[in-house]
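J.: Predicted model and sequence below, questions to follow.
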Amino acid sequence: MPDHVTPQPDLRRTLRLGVAGPVGTGKSSLIATLCRALAGELELGVVTNDIYTDEDARFLRSEGVLPPDRIVAVETGACPHTAIRDDVTPNLIAVEELESTYAGKGTPLDVVLVESGGDNLTATFSPALVDAQVFVLDVAGGGDVARKGGPGIARADLLVVNKTDLAVHVGVDPDQMVDDAAAVRHGRPVLPLSRHDPHSVTTLVDWVRGALAAHRAGQAPVDPGPMAPHSHAHEHPHAHAHAH
Amino acid sequence: MTSAELVALMLADARLPTGGHTQSGGLEPAVRAGLAAEDPAEVAAYARDRLRTVVRVEAGTAVVARHLALAGADPREVEPHWAARTPNPALRAASRMQGRGYLRLAQRIWPAVLEHLPADGPGSPGLPRPLVLGVVGAVTGLSAAQVARLVGYDDAQTVVAASLKLLPVDPAEASGWLVRLHPDIEALTAPALTGLVDPARIPADGAPLVDLHAQQHTTERMRLFHA
């Protein structure tokens, strides 16, 4: 048995926040929104994992929300799931280098956002890489996706149902989608988001401030799965079968 | 009870978390430059050419680093000799990044490596991958032949596995290429290489096109692999 899992450095200043979810749900856009809202009050860095290295990094740089050298792209060899879950080495090196560089400049980072390459519903971050994670769905991906569940949907620290402004165009009831998600999340937060709805953006930004405060207060990362032990998700009978 | 055989199997397993999934052994830029455009089997020829050139430098460096660590000398003596034989800065940087991946893992699971190498951490320049592998081999009881074979196998398998992501290749066919590369991998375990003890005697074979492709890759926009 592994007797030392993750060495927990004594209360690291920086919150490492993962953003995962299927392709096209708006992960890069969400990160750009966060940077736009928070760059004035927090020191931020971003690590991206696009399928083709630097598409997301280029998007974020072109948005002008952060200085270009605060945005780093990491190759994943077409293995986006591996890069955030079972071999986090290159991402962890990139995160630590960003933190170390800005600590050395006298402006230590408050938050490093790690953007997963778009992957399937089972991809979640390892607690060895991030302290907290956001899973992003969008209404255009289909109203039934939230109900299907999965580790990110059920147990990420925050579930975002993005692009609610498009719901009317794709025949999805966003309130129903949020209710479905809430049902599998057992009280964990669900946030309907549209970047055209300032109130929803404010709620998102406040959640990140809260996650940073919780991290600095010593809150340990919670691993969403693949199969979380002690799960009471009755919709998933196998969760018990595989619990340790 | 552990065994050197088990350590060698672990190190050859791509599931070991050292960042190996980011590497293509230069295959991605080679394919972009036209390799295997008509015949996917050119991938095997490419891997063989590497085994006969740049991989000899890697294997020789690892073997000498292992020897120096076992002899109580500083294995980092191999570093300038390796660098002189690895003229491309992009390849040196990629090797150092991989060396960081191996050392970060090794210092957790085989902490005896820290009797020979400084720990990796934020701001580390990174040590060449074959230097780290050689020291891991020294502290885990691998023979010089096991270290050389590991370097050769890992390089060939990196290229072959990356071909599945880059080209329309049947995975079973690719495994056949790997089998046919066995003689070239085993050739690295000949005494001329495994008996090396002097950093100055590390082979100096080169493959200029590999260097050229590696350099082009650093400025390429659409990359799947780091190198």
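T.: That came through, no problem. Remember, it's a predicted structure, so these values are computed and weren't measured experimentally. Numbering: from 1, shown residues only, chains lettered A, B, ... in the order given.

J.: Residue of chain A closest to chain B, please.
T.: Evaluated by CB to the nearest CB, chain A has A:Ser100 as its residue closest to chain B, separated by 3.4 Å. Using the backbone N, CA and C atoms, a C-beta is placed for each residue, glycine as well.

J.: So which residues on chain B come close to chain A?
T.: B:15, B:17-24, B:97, B:100-101, B:104-105, B:108, B:121-123, B:162, B:165, B:221-226 (CB under 8 Å from any CB of the partner chain).

J.: Among these, name the ones in helices.
T.: Counted as lying in helices by DSSP state H, out of the residues of chain B next to chain A, are B:97, B:100-101, B:104-105, B:108, B:162, B:165.

J.: of these, buried ones?
T.: With burial judged by 16 or more other CB atoms under 10 Å in any protein chain shown, the buried subset of these is B:97, B:100-101, B:104-105, B:162, B:165.

J.: possible to save those residues as TSV with pLDDT?
T.: Output for these, formatted as TSV (pLDDT from 0 to 100):
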residue	pLDDT
B:Met97	97
B:Arg100	98
B:Gly101	98
B:Arg104	98
B:Leu105	98
B:Ala162	97
B:Lys165	95
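
J.: Out of those residues, name the two that are farthest from one another.
T.: B:Arg104 and B:Lys165 (24.5 Å; CB to CB).

J.: re the thing from before, name the nearest of the ones in helices among the residues of chain B next to chain A relative to A:Ile84.
T.: B:Gly101 (15.5 Å).

J.: Quick one: residues contacting the closest one.
T.: Shown in contact with B:Gly101 (CB atoms under 8 Å, 6 or more residues apart in numbering or on different chains): A:89-90, A:93, B:17-20.

J.: Out of these, flag the one nearest to B:Arg56.
T.: Using CB to CB, these come closest to B:Arg56 at B:Gly20, 20.6 Å.

J.: residues in contact with the closest one?
T.: A:87, B:14, B:98, B:101, B:154, B:158.

J.: One more pass at 7 Å, please.
T.: Going by CB atoms under 7 Å, 6 or more residues apart in numbering or on different chains, B:Gly20 touches B:14, B:158.

J.: I'd like the distance between it and B:Ala12.
T.: 10 Å (CB to CB, to the nearest Å).

J.: again, but for B:Asp155
T.: For B:Asp155 relative to B:Ala12 (CB to CB), the value is 11 Å.

J.: The residue in chain B that chain A sits nearest to: how many residues sit nearby?
T.: Of all residues in chain B, B:Pro122 sits closest to chain A, at 3.4 Å by CB to the nearest CB. By other CB atoms under 10 Å in any protein chain shown, the residues close to B:Pro122 number 14.

J.: Apart from its chain neighbours, what residue comes closest to it?
T.: Distances taken as CB to CB, 6 or more residues apart in numbering or on different chains place A:Ser100 nearest to B:Pro122, at 3.4 Å, with adjacent residues excluded.

J.: just B:Arg15 next, same as before
T.: Excluding the flanking residues, the one nearest B:Arg15 by CB to CB, 6+ apart is A:Asp86, at 7.1 Å.

J.: tell me the phi and psi of that neighbour?
T.: Main-chain torsions, A:Asp86, degrees, to the nearest 10: phi -100, psi -10.

J.: what about it, how many neighbours?
T.: So A:Asp86, with other CB under 10 Å, has 13 neighbours.

J.: Relative to A:Val134, how far out is it?
T.: Taking CB to CB as the measure, A:Asp86 and A:Val134 are separated by 20 Å.

J.: What residues does residue 167 make contact with?
T.: All of this refers to chain A. Counting by CB under 7 Å, 6+ apart, A:Ala167 touches A:139, A:173-174.

J.: should've been chain B
T.: Taking CB under 7 Å, 6+ apart, we find B:Leu167 in contact with B:31, B:36, B:40, B:43.

J.: B:Gly206 contacts B:Thr53, doesn't it?
T.: Yes. Assessed by CB atoms under 7 Å, B:Gly206 is found in contact with B:Thr53 at 6.1 Å.

J.: and the lengthiest helix in chain A, C-alpha only, in CSV?
T.: Looking across chain A with DSSP H, the single longest helix is helix A:198-216. Extracted in CSV, the C-alpha atoms of helix A:198-216 (Å, rounded to 0.1, in the frame of the first residue of the first chain):
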residue,chain,number,x,y,z
PRO,A,198,-23.8,39.4,-14.9
HIS,A,199,-25.5,38.0,-11.8
SER,A,200,-24.4,34.4,-12.7
VAL,A,201,-20.8,35.7,-13.4
THR,A,202,-20.8,37.3,-10.0
THR,A,203,-21.9,34.1,-8.3
LEU,A,204,-19.1,32.2,-10.1
VAL,A,205,-16.4,34.7,-9.1
ASP,A,206,-17.7,34.7,-5.5
TRP,A,207,-17.5,30.9,-5.5
VAL,A,208,-13.8,31.1,-6.5
ARG,A,209,-13.1,33.6,-3.7
GLY,A,210,-14.7,31.2,-1.3
ALA,A,211,-12.7,28.3,-2.6
LEU,A,212,-9.5,30.3,-2.1
ALA,A,213,-10.5,31.2,1.4
ALA,A,214,-11.3,27.5,2.2
HIS,A,215,-8.0,26.4,0.7
ARG,A,216,-6.1,28.8,2.8
